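# any chance you can model this:
(chains A, B and C)
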Amino acid sequence: MPDLLEHLNPEQLAAVTLPGVSALILAGAGSGKTRVLTTRIAWLISTGQVSPYQILAVTFTNKAAREMQIRLSAMLTHNIRGMWIGTFHGLCNRFLRTHHRDADLPALFQIMDTQDQLAVIKRMYKSMNIDDERYPARQLQYFISGAKEQGLRPNQVEAFDDYTRRQVELYAAYEQVCQREGVVDFSELLLRSYEVLARNQSLREHYQHRFRHILIDEFQDTNLLQYRWLKLLAGKETSVFAVGDDDQSIYAFRGADVGNMQRFQQEFAPIELIKLEQNYRSHGNILDAANALIRNNQTRLGKNLWTRESQGDPLRIYVAPSEYDEALFVVDAIKGLTGAGVNATEIAVLYRSNAQSRVLEHSLFNAAIPYRVYGGMRFFERAEVKHALAYLRLASNPGDDGSLLRVINFPARGIGVRTLEGLQAAAQGAGVTLWQAACSSRVSGKAGAGVAAFVRLIESLGPATAGMRLPEIVEHVIAASGLLEHYKNEKEGQERLDNLRELVAAAELFEREVETGAPSIDTTGNSDTLTAFLAHAALEAGDTQAAEGRDALQLMTVHTAKGLEFHTVFITGLEEGLFPHDQSLNELDGPEEERRLMYVALTRARRRLYLTYAQSRTLHGQFRYNVASRFLDEIPPPLMQWLSPTPANLVAESESPRRDEAAESRPPREIERGPGFRIGQNVIHAKFGTGVIVNAEGRGADARVQVNFRDAGLKWLSLEFAKLEAA
DNA sequence: GTATGGAGCATGTTA
DNA sequence: TGCTCCATAC
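Numbering: from 1, shown residues only, chains lettered A, B, ... in the order given. Here you go, the predicted model:
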């Protein structure tokens, strides 16, 4: 058991073994945050201070929750099933399933994702004759989520103008629809749990007494409602252990409130404050650059990362004339790196906005470099998967109008717009759900036959699948609904069929995890595995893209890269207007949030960091010239090595001569190692023949030259491996 | 019920 | 520039 605490540095050890008080752990990037969190839990349990049952550990992403569980089960021999560990939404789901009566929800309530939520709003607009131009559905969706994340119900939202008053009315109407249909959106999970706890004293005291330790990951990302939820759960005896990094707060735009860190210090006082500043990830130059950059922010609690590692390479800066040249540079550099033995999965190309990936992808494709792009459509969000899930949801809760509308005529059953309008009118008139209206529908003719067939189909699903295992149920529903047949007959249906098969596989995996009691799967309070699976599908939307090959290069936005690390990182598009982004500059705290974003980007790299920008770029069909990002000016020049001087920075250098170290930041005219190699030098290569050196980078073992061969064209060669001879 | 085209539009994103 | 959404036409 003491070996749990081995290899912890003094600050980590202090944090892990804090006696039962509340604490704020300021954990810098790469400082072993997850390790501290999980080791503390393991320490609390293995020293017998608490049982797993008394611990609540909450994260933002399923991935983080899973990682915690995996690490914990490696550290402990205890059964941790009784522990509450998961995402805010997952835990609230568990809570509401158990206390659905107190929460005034049906036992089989369904969870809507953002797509479903938008569909509900649009449907409501139609029945209320709302002008979508004046009150865009998307905007109302933000309005509702925003209000809920502040903990506000319609009657609590302050409205000083007619427009807002109308939005509040629509918010109220939306709530009625959801309540009638037994569906909840993501923020409702939290708000509803919060309200149950706030209103029900005995329940609240039960949980406050139960949870002796509450641990929160990524505390800087919490919103106001999450903060208040935690505060309600924490009793007098509870110690709250909040881990976060204000410098990595990059989600203010979706409601995260760094102010929670100050709030926590005041309202949970007295608390312990521990800073984890030793970084175990990056070389010194990378950290120095990150520290120097973030020092430009005014509002921060203050931290300075340091490392025992060597300084390492300087940051490599490349200025490209256009985004195409930027992409070509990245491709060349990657070829060099993988050629020198760096695994492609250990290389990440980061950008500020998704639109930038296209040019990069194009060049990578042409160069036949396998890559993987993060972001975009996720597995459980695909249309065919959602169709299948809609049938499953109807089997368990036919009152779910959204699911009914999605599939009542898919595959086509001859139920057209007019029939549907009739059904909707009947439902509205009688104040019932569409399903009830459909059951008592007396539509005649073909449409009537279609509706009747649909009703019979849904009604048959329950009895037909009784006693089946989850994957069999899913398989049955896919076939009985006609989805299978439909996609088989569709020309481009193969991929959709594959996804449906994948859904059966997902059900299989899910069932296995339920049986083996994997703590990530939670069936507490669920009446059956199907309901749990449907909640799982909504709460964990799955991966964004199937892995394309094993050794694929990683492409993603800086936001997506948070929490990850790579041997080599390229930060591209470092231009004013792009990074920092134009639109952020008008926002309150926008510029500082952009800088934190850059800080996150820099600290992803372990060994090697490339910063690139394009002097010109076409964005949204608009060609424009750009100046270098301010962030490049905020990194001390001695830490940087310019791989391609631009006239601009040559001028700058002659105007203000820099210290001696600045010599490193100029492109190397002489290439160390290999006698007398220079740019412009003619060389001979055993395989490629004769050529001329046109570019060079790196020193020592890293030194590489770009040679334009007469026959073989442009090639990057590592001086260490390639046998080059002067001609 | 599906195909086509034009208008409008364009940060970041977890559950 | 490229997509998403909606209206219109078949």
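
# would you mind listing what in the stretch 351-500 of chain A touches DNA strand C?
The stretch 351-500 of chain A comes close to DNA strand C at residues residue A:358, as judged by CB under 7 Å from any atom of the strand. (Each C-beta comes from the backbone N, C-alpha and C, glycine too.)

# quick one: average confidence on the helix or strand where residue A:537 lies?
If you go by DSSP states H and E, residue A:537 is part of helix A:529-539. Confidence for helix A:529-539, expressed as mean pLDDT, is 92.

# stretch A:111-120 now?
If you average the pLDDT over stretch A:111-120, you get 90.

# and that stretch, does that touch DNA strand B?
Yes. Using CB under 7 Å from any atom of the strand, stretch A:111-120 reaches DNA strand B at A:113-114.

# so is that stretch next to DNA strand C?
No. In this structure, stretch A:111-120 remains apart from DNA strand C according to CB under 7 Å from any atom of the strand; the gap is never smaller than 8.5 Å.

# quick one: buried residues of that stretch?
Neighbour-count burial for stretch A:111-120, with 16 or more other CB atoms under 10 Å as criterion, is recorded at A:111-113, A:116-120.

# and if you look at stretch A:43-52?
Within stretch A:43-52, the residues that qualify as buried by neighbour count (16+ other CB under 10 Å) are A:43-45, A:50, A:52.

# so the closest residue to DNA strand C within the stretch 101-250 of chain A, which state does it fall into?
With distances taken as CB to the nearest atom of the strand, the stretch 101-250 of chain A approaches DNA strand C most closely at residue A:132, which sits 6.5 Å away. Reduced to three states with DSSP: H, G, I helix; E, B strand; the rest coil, the structure at residue A:132 is coil.

# correct me, but it touches residue A:124?
No. Counting by CB atoms under 8 Å, no contact exists between residue A:132 and residue A:124, whose distance comes to 11.0 Å.

# doesn't residue A:512 belong to a helix?
Yes. Using three-state DSSP, the assignment for residue A:512 is a helix.

# quick one: it from DNA strand C, how far?
Per CB to the nearest atom of the strand, to the nearest Å, residue A:512 is found 35 Å from DNA strand C.

# do residue A:724 as well
If you measure residue A:724 against DNA strand C using CB to the nearest atom of the strand, the figure is 39 Å.

# if we ignore the residues flanking it in sequence, what's nearest that residue?
Counting by CB to CB, 6 or more residues apart in numbering, residue A:683 is the residue found nearest to residue A:724 once chain neighbours are left out, at 4.9 Å.

# buried residues in the helix or strand encompassing residue A:392, which are they?
Counting by DSSP H and E, the element that carries residue A:392 is helix A:383-396. Of the residues in helix A:383-396, those buried under the neighbour-count criterion (16+ other CB under 10 Å) are A:384-396.

# would you list the residues you listed in CSV and tack on distance to DNA strand B?
What follows is the buried residues of helix A:383-396, written out as CSV (distance: CB to the nearest atom of the strand, whole Å):
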residue, distance to DNA strand B
A:384, 14
A:385, 16
A:386, 14
A:387, 13
A:388, 18
A:389, 15
A:390, 16
A:391, 18
A:392, 19
A:393, 17
A:394, 19
A:395, 23
A:396, 20
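
# need the contact partners of the helix holding residue A:537.
Applying CB atoms under 8 Å, 6 or more residues apart in numbering, the contact partners of helix A:529-539 are A:62, A:87, A:89-90, A:93, A:97, A:108, A:110-113, A:380, A:389, A:392-393, A:395-396, A:470, A:473, A:506-507, A:510-511, A:514, A:521-523, A:526.

# does any bit of that helix sit next to DNA strand B?
Yes. Against DNA strand B, helix A:529-539 shows contacts by CB under 7 Å from any atom of the strand at residue A:539.

# so after that helix, what's the next helix or strand?
Using DSSP H and E, the helix or strand that directly follows helix A:529-539 along the chain is strand A:553-557.

# just how off-centre is that next one within its chain?
For strand A:553-557, the distance between its averaged C-alpha position and the chain's averaged C-alpha position is 13 Å (CA atoms, centre = their mean, to the nearest Å).

# got it, and stretch A:584-591?
Shown here is stretch A:584-591, whose average C-alpha point lies 22 Å from the average C-alpha point of the whole chain (CA atoms, centre = their mean).

# OK, contacts around the nearest residue to residue A:239 once chain neighbours are set aside?
With CB to CB, 6+ apart as the criterion, residue A:239 has its nearest non-adjacent residue at 4.5 Å, and that residue is residue A:20. With CB under 8 Å, 6+ apart as the criterion, the residues that contact residue A:20 are A:49, A:212-213, A:237, A:239.

# which element follows the helix holding residue A:392 toward the C-terminus?
Using DSSP H and E, the helix or strand that follows helix A:383-396 in sequence is helix A:401-407.

# what packs against that next one?
Helices and strands touching helix A:401-407, as assessed by 3 or more CB pairs under 8 Å, 6 or more residues apart in numbering; DSSP states H and E, comprise helix A:114-128, helix A:162-181, helix A:383-396, helix A:434-439.

# residues contacting the host helix or strand of residue A:506, please?
According to DSSP H and E, residue A:506 maps onto helix A:494-516. Among residues not part of helix A:494-516, those counted as contacts by CB under 8 Å, 6+ apart are A:379, A:382-385, A:388-389, A:469-471, A:473-475, A:478, A:483-484, A:487-488, A:490, A:520-521, A:523, A:529, A:532-533, A:536-537, A:542.

# contact residues of the stretch 1-150 of chain A facing DNA strand C?
So the stretch 1-150 of chain A meets DNA strand C at residue A:132 (CB under 7 Å from any atom of the strand).

# mind listing the strands for the stretch 1-150 of chain A?
Under the criterion DSSP state E, counting those that start in this stretch, strands of the stretch 1-150 of chain A are mapped to A:23-27, A:55-59, A:84-87, A:110-111.

# in a markdown table: those strands, plus distance to residue A:33.
Putting those into a markdown table (distance: least, CB to CB, whole Å) gives the following:
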| stretch | distance to residue A:33 |
| --- | --- |
| strand A:23-27 | 4 |
| strand A:55-59 | 11 |
| strand A:84-87 | 16 |
| strand A:110-111 | 29 |
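
# which of the ones you listed sits closest to residue A:162?
strand A:110-111 (33.4 Å; CB to CB).

# ok, residue A:233 - contacts?
For residue A:233, the set of contacting residues under the criterion of CB under 8 Å, 6+ apart consists of A:56, A:197, A:207-208, A:211, A:214.

# mind doing that once more with 6 Å?
Applying CB atoms under 6 Å, 6 or more residues apart in numbering, one finds that residue A:233 lies in contact with residue A:207.

# kindly report the same for the one 5 residues further on.
Taking CB under 6 Å, 6+ apart as the contact definition, residue A:238 lies against A:211, A:214.

# look up the pLDDT of the residue in the stretch 401-550 of chain A that DNA strand C sits nearest to for me, please.
When you check the stretch 401-550 of chain A against DNA strand C by CB to the nearest atom of the strand, the closest residue turns out to be residue A:417, at 10.6 Å. Note on residue A:417: pLDDT of 78.

# how about it, phi and psi?
phi -60, psi -40 (degrees, to the nearest 10).
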